[in-house]
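In: Next comes the sequence, and after it the predicted model I'd like to discuss.
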Amino acid sequence: MAISKDVMRGFLAHLSAGRTLIGPVDTGKVIEYRKASPNEILMDDRVSYKSIKEFYFPQVERMFTFSEGEVQDHDNPAGCAIFGGKPCDLEALRVMKAVFTTGKFADPFFERRFDANLLIGVGCIAKKPGCFCDQVEVDMAFSDFCDIMLEDSGEGYNVEYLSEKGRQALNEYPPTKDVACGNTRKADPPQADALALSPAITEAGFFEAIDWAKSTETCQGCGLCSFICPTCHCFDFRDSSENGTVHRYKCWDSCIYPKFTLHASGHNPRESRAARYRQRLLHKYRYVPDNFGLTACTGCGRCVRGCPVGMDIRQVVKQVMEVQP
Amino acid sequence: MSTNPYLPKKARIEKIIQETFSPDLDVKTFRLKFEDGQLMDFLPGQFVEFSLPGVGECPFGFASSPLQKDYFEITIKRTGKVTERIHTLDEGASVWIRGPFGNTFPLEKMEGANLLFIAGGLGLAPLRPFIQYVLDDSNRTKYGNVDMLLAARTSGDHCFAYDLPVWNEIDRTSVRQTIDRDEPGWKGLLGFPHNLVRDMPLDFSNLYAVLCGPPIMIKAVQAALMEMGLPLNRLYTTLEMRMTCGVGKCGKCNIGHQYVCVDGPVFCMEELAQMPGEY
C-alpha cells in the first residue's frame, strides 16, 4: 500500500504513545539513530554513521548486580519502535540473531530486545559512496528481516508488513490498517562481482593465501570499523563497583584489539595486527558463513567510509578471492 | 525466554589444598559446593566460569572426579588479576560459578582401549576428572592399561601428589613422574616426556593418548608419539583460550569457525591439524 510520508509521521506519532520511538536524526555532525519525535526523524535517503545495532546489543548493557551476597537479575527492557533501518542493517540483524539465539545457549539480552522491539525498515533509493550491498547479495531497496518494510519512492512509501507484530501495529492506526503482507518477495540474484570466499579453500589455506601483513599494513588497529559495523558482535564482561554493589556489564569489544585474545600467561594466539585483521575478515566472510549460512558483511560501507586511514575491506577480500584453490 | 547463561550461582569454598611448593609457582585446589545445595553435574573435559564480583571472571577446567557428587574442585595457578585474588581467599569464602560448559573427552569411544595420559605441570588438572572416572571401580574394567607420564619442573611442582601413589596401586595402572633436573632424594624419572615416552612399554595397537601441558610439551610429545606409530586420530588434547562468555557468543575463543568454549576445549589432534594454528 502506498502512503505519503506525512501519513508515516502520523503512524510514528501513534506508535510513540506506547513505545520509545527511535529514528535517524541529523545532529549537525552525524546522522544517528536516537530517541526522537516523529517530526525530527529523517525521511530522506541519507545513511547513518552507526547502525541500529545498539538497540539490540547496546554498547554497554548492565546484565545483573551483586549486592549483599546475592545476585539480582534486571527487568526486561521496554521495547522501542525503531524507524528507518536500512536493508543492510536488517540483514546484519539477521546475522546477529543467528549468532545470539542459535546453538546450545541463547543470549537472553539480545533475545529480550529482539522480541520487544518493533522494527520498521526503509529501503534505499540510491547507493552511497562506499556502499556495496549488491556485492554481498543484499537488496538495497528491500529486506524481509523486519516487522514493517517501507520502500522509498522519494515522495512516499510502499508499506508492507512482514510479521504479526508489524501487522498488528499497522492495524491499530486507521490510515494503515489495510496494509498487505510483503513476505513473498524474492531476493535479487547474486551479482557477477560478488564478494565471497571459495568453500574449496580450507580455513588454514586462507591463512597462507596472501601476505596479510602487507595487505593490511596501513591498518592502525583502532577498531573503529568494529564499532560502526552492523554485524560485529563480540563483547567482553566488565564489573563496576558502587557503594558495595557490583554491576556486571556486557560491553562491545573488538578482535582488532591485541588484548582481545591475550591469556593471563602472556600468550596471545593473535599477536600481530595482520592476524587480527585476518580474523575480522575471515570471521565475516568464512566462519559465519560456515556456521550459519550467512555472510557477516552486508555491504553497508560504514567501515569503508569511516576508516581513518582508508582501509577498504573490499580490496582485501578481492585479493584473497584471487587465490585459486 | 531462555535462562541466562551469564548469571552465576553462589558457591562456598569448602577446602583449599596447596598443590605446589616452589617459590615461583603457586597452585591451589579449591573444593567448592553450591550454597543452595544444587549438585554440579559435569563430565571430564568440561569447564566453569569462576567469578569474584568486582574483580572479574575466568574459565577453569574441572579438576575433580565427575563421580564425586558432594563437591567439585578447581585447580588454579596464581597468574593474573583474578587468580591473584582467588588465591587470597580462605575456606568458607563465597565465590560465583557458572557452568558446566564445553565438550567432553570421548569416554565411550575410548572404552576397551589402553590409555596413555601425559601431562606437564598444571596440565594434569583437566585430565584428573578423566583419570579418576576411568580408575573408579565402576569403570575400571571398561578400559585397558592406564599409563601416566607426569612431568613437572621440580618435585615440589607436581600437582595432586597425594593421588599418585593411590593411582599407581590400581590394577593395570602405572604412574611415572619426572622432573627437569635431579634433586636429592628424587626417586622418579629425569627429563622431558617426549624423550621418556619412548622408553615406556606401550601397546600401540589399541592406544589412545591424551595430552595436556605447555604448548611446547604438547608439540614435542605429539611428534614423538607419531614417530612411534600412533596415528593423529588416537591423540587428544584440551585447549586453553580467553573465554569471556563460555557459551559461543562473545567471539573470543574461535580457531577458524570453531569455538573452543562450545566445540572444545577437547580436540582430537587429527581435527586440530586441519584447523588454523591460531591457539
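Out: On my side now, so go ahead. Residues are numbered from 1 along each chain as shown, chains lettered A, B, ... in the order given.

In: Would you map the helices across the chain?
Out: With no chain named, the answer covers chain A. Using DSSP state H, the helices found in chain A span residues A:5-16, A:87-101, A:108-116, A:164-171, A:203-209, A:212-215, A:224-228, A:273-282, A:288-292, A:302-306, A:313-321.

In: Hmm, no, I was thinking of chain B.
Out: Using DSSP H, helices in chain B cover B:81-87, B:124-135, B:164-168, B:193-196, B:215-227, B:269-274.

In: So, low pLDDT: which residues of chain A?
Out: A:183-192, A:325 (pLDDT under 70).

In: Quick check on the residue most central in space within it: phi, psi?
Out: Centroid check for chain A by C-alpha atoms, centre = their mean gives residue A:230 as the closest residue, at 2.5 Å. Main-chain dihedrals, residue A:230, degrees, to the nearest 10: phi -80, psi -20.

In: Am I right that it is in contact with residue A:85?
Out: No: if you go by C-beta atoms under 8 Å, residue A:230 and residue A:85 don't touch, sitting 9.1 Å apart. In this view, the C-beta of every residue, glycine as well, is placed from N, C-alpha and C.

In: so what sits against both of the two?
Out: Jointly contacting residue A:230 and residue A:85 under the rule C-beta atoms under 8 Å, 6 or more residues apart in numbering or on different chains are A:51, A:52, A:93.

In: Neighbours of the last one, how many?
Out: If I follow you right, that is residue A:93. By the criterion of other C-beta atoms under 10 Å in any protein chain shown, residue A:93 has 29 neighbours.

In: So the chain: which segments form each domain?
Out: No chain specified, so I'll use chain A. Listed by automatic domain parsing, the domain ranges of chain A are A:2-181, A:203-321.

In: try again with chain B
Out: B:9-101, B:114-238.

In: Nearest to chain A among these would be which one?
Out: domain B:9-101 (3.3 Å; C-beta to the nearest C-beta).

In: Distance across the closest one, terminal residue to terminal residue?
Out: Start-to-end span of domain B:9-101 (C-alpha to C-alpha, to the nearest Å) is 14 Å.

In: just stretch B:245-254 next, same as before
Out: 12 Å.

In: Touching that stretch from outside, list them.
Out: With C-beta under 8 Å, 6+ apart, stretch B:245-254 has contacts from A:99-100, A:103-105, A:107, A:233-237, A:253, A:255, A:260-261, A:279, A:283, A:287, B:5-6, B:47, B:49, B:59, B:98-99, B:101-102, B:241-244, B:259-262, B:264.

In: repeat that with 6 Å
Out: For stretch B:245-254, contacts defined as C-beta atoms under 6 Å, 6 or more residues apart in numbering or on different chains pick out A:103, A:105, A:107, A:234-235, B:5, B:49, B:101, B:241-244, B:259-262.

In: give me the number of residues near residue A:69?
Out: 9.

In: no, scratch that, I was asking about residue A:20
Out: 16.

In: Can you tell me which residues in the stretch 101-250 of chain B are near chain A?
Out: For the stretch 101-250 of chain B, the residues in contact with chain A (C-beta under 6 Å from any C-beta of the partner chain) are B:242, B:244, B:247, B:248, B:249, B:250.

In: from the residues you listed, which is closest to chain A?
Out: For those, the nearest to chain A is residue B:247 (3.8 Å; C-beta to the nearest C-beta).

In: who are the neighbours in contact with residue A:285?
Out: Neighbours of residue A:285 in contact, by C-beta under 6 Å, 6+ apart: residue A:197.

In: What distance do you get for the closest residue to residue A:130 other than its chain neighbours to chain B?
Out: Spatial nearest neighbour of residue A:130, chain neighbours left out: residue A:301 (3.4 Å); criterion: C-beta to C-beta, 6 or more residues apart in numbering or on different chains. Separation of residue A:301 from chain B (C-beta to the nearest C-beta, to the nearest Å): 22 Å.

In: what about the strands in the stretch 151-279 of chain B?
Out: Applying DSSP state E, counting those that start in this stretch to the stretch 151-279 of chain B gives strands spanning B:173-179, B:189-190, B:207-212, B:235-238, B:254-255, B:258-259, B:266-268.

In: Let me have these in CSV, extended by mean neighbour count and distance to residue A:245.
Out: As requested, the strands of the stretch 151-279 of chain B are exported to CSV (neighbours: other C-beta atoms under 10 Å in any protein chain shown; distance: least, C-beta to C-beta, whole Å):
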stretch, mean neighbour count, distance to residue A:245
strand B:173-179, 18, 47
strand B:189-190, 15, 53
strand B:207-212, 24, 39
strand B:235-238, 26, 36
strand B:254-255, 24, 34
strand B:258-259, 24, 32
strand B:266-268, 20, 38
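
In: any chance of those strands in CSV, with mean pLDDT too?
Out: Listed next are the strands of the stretch 151-279 of chain B as CSV, based on pLDDT from 0 to 100:
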stretch, mean pLDDT
strand B:173-179, 97
strand B:189-190, 96
strand B:207-212, 98
strand B:235-238, 97
strand B:254-255, 96
strand B:258-259, 97
strand B:266-268, 98
